[in-house]
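**Q** When you get a sec, could you give me coordinates for this:
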Amino acid sequence: MKRLLEKLYNQNTLTKEELVYLLQHLDEESMKELFSYSRKLREEKYGKKVYLRGLVEFSNICKQDCLYCGIRKSNKEVERYRLTEDEIIQCCELGYDLGYRTFVLQSGEDSWYTKDKLVNIVKKIKSQFPDVAVTLSLGERDYDTYKELFDAGADRYLLRHETASKRLYEKLHPTMKFENRIKCLAELKEIGYQVGAGFMVGLPDQTVEDLAEDLLFLNHLQPHMIGIGPFIPHHQTPLKNERKGELKDTLIMVALARLLVPDSLIPATTALGSLDYRGREAALEVGANVVMPNLSPMEVRAKYQLYDNKICLGDESASCRWCIENRIKSTGYEVDLSKGDCIRIGENQMNL
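**A** Sure, this is the predicted structure:
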């Protein structure tokens, strides 16, 4: 085990067989060694900085029907909403005043927001706040839409692959195709975005081999951002009675992702904080270096629940900002409110 961990730290790669062996044989001692390596590498690349991004969840309307998601198309109990262009800009104004220099615009796959509407929103944000980065998380769109949004000023795009197993992906996403997900990620990299991928840990029927494939996919893709969170059931979905993912397992995946893609920006996800009170802090301590506090209007936050027991639904944006800063400082790290680009920007070396 020690040899594998040293190889991972020094070479940033393992074979599938080595990853499976590592995952099957991690004990407490080797897990501590893994976390020590991932923390060390994170600090070599980014020092003590933790980047804050202001998150705006601007629509919970979605045309897809993913089995695990609380805002899936078939969930008729969700109170749906859309923010107007002005409301989105107001969220960014509030965030800018609080010091944020990256805004993450996230929604369900809502076709009401056409290419032209989205381009206009991005242009207005970049015109009003020329020193910010705009990150989009809008799901699957066509190449022309991705390209025009990039040309309008969008800097980054988050599109988690969710699972690198075609079998598992299409079981969980009955309205989607695995090949199209991979195609979208390739197109985003080709266009020039800083691209984010990632997956869930603890999905029903997920195997150790599946998790190894997720890690290998990240190692091959070399995304600029990696989002990894635990599966948490939502009570209005077909998976409502399934067992949730474990904190320890998710932290192991965060640490391995750091070692396999050393330059990546890795969020300490809200889902980890929802799973465990110190979940986000624990992720920072094993390799994560981004946190995304919520800037969405208070009246819509509870309507954007992809899973149960989501935290920070009742916190004002300013309160959330200072709360998370104190939490970050408690881990020995420091808040960085700059745009916080991946130190590897400009490289699109992956061909899918």
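**Q** Would you check that His224 makes contact with Gly340?
**A** No: look at His224 against Gly340 with CB atoms under 8 Å: they stay out of range, at 11.0 Å. (Glycine included, C-beta is placed from N, CA and C.)
**Q** Neighbour count: those two, which is higher?
**A** Counted by other CB atoms under 10 Å, His224 and Gly340 do not tie: His224 has more neighbours, with 26 against 19.
**Q** what sits against that one?
**A** By CB atoms under 8 Å, 6 or more residues apart in numbering, His224 lies in contact with 156, 194-196, 263-265, 342, 344-345.
**Q** what's the overlap in contacts for His224 and Gly340?
**A** Joint contacts of His224 and Gly340 (CB under 8 Å, 6+ apart) are Leu265.
**Q** all strands of the chain, in order?
**A** Remark: strands assigned in the chain by DSSP state E are 49-52, 54-59, 102-107, 133-137, 156-158, 194-201, 225-230, 290-291, 334-336.
**Q** Give me the helices and strands touching the shortest one, please.
**A** In this case it means strand 290-291. Counting contacts by 3 or more CB pairs under 8 Å, 6 or more residues apart in numbering; DSSP states H and E, strand 290-291 packs against strand 49-52.
**Q** what comes up buried for the strand it packs on?
**A** 49-52 (16 or more other CB atoms under 10 Å).
**Q** Present these as TSV; the columns should include distance to Asn12 and pLDDT.
**A** Output for the buried residues of strand 49-52, formatted as TSV (distance: CB to CB, whole Å; pLDDT from 0 to 100):
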residue	distance to Asn12	pLDDT
Lys49	21	98
Val50	22	98
Tyr51	22	98
Leu52	27	97
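**Q** With just CA atoms, put the worst-scoring helix or strand of the chain on mean pLDDT into PDB.
**A** Ranking every helix and strand in the chain by mean pLDDT, DSSP states H and E puts helix 317-330 at the bottom, with a mean of 90. The C-alpha trace of helix 317-330 is given here as PDB (Å, rounded to 0.1, in the frame of the first residue of the first chain):
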ATOM      1  CA  SER A 317     -26.000  35.800   1.700                       C
ATOM      2  CA  ALA A 318     -24.000  38.100   4.000                       C
ATOM      3  CA  SER A 319     -24.400  35.800   6.900                       C
ATOM      4  CA  CYS A 320     -23.400  32.800   4.800                       C
ATOM      5  CA  ARG A 321     -20.300  34.600   3.600                       C
ATOM      6  CA  TRP A 322     -19.000  35.300   7.100                       C
ATOM      7  CA  CYS A 323     -20.000  31.900   8.400                       C
ATOM      8  CA  ILE A 324     -18.100  30.000   5.700                       C
ATOM      9  CA  GLU A 325     -15.100  32.300   6.200                       C
ATOM     10  CA  ASN A 326     -14.900  31.400   9.900                       C
ATOM     11  CA  ARG A 327     -15.300  27.700   9.000                       C
ATOM     12  CA  ILE A 328     -12.400  27.900   6.500                       C
ATOM     13  CA  LYS A 329     -10.200  29.700   9.000                       C
ATOM     14  CA  SER A 330     -10.900  27.000  11.600                       C
END
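**Q** Against Asp144, how distant is Asp116?
**A** 11 Å (CB to CB, to the nearest Å).
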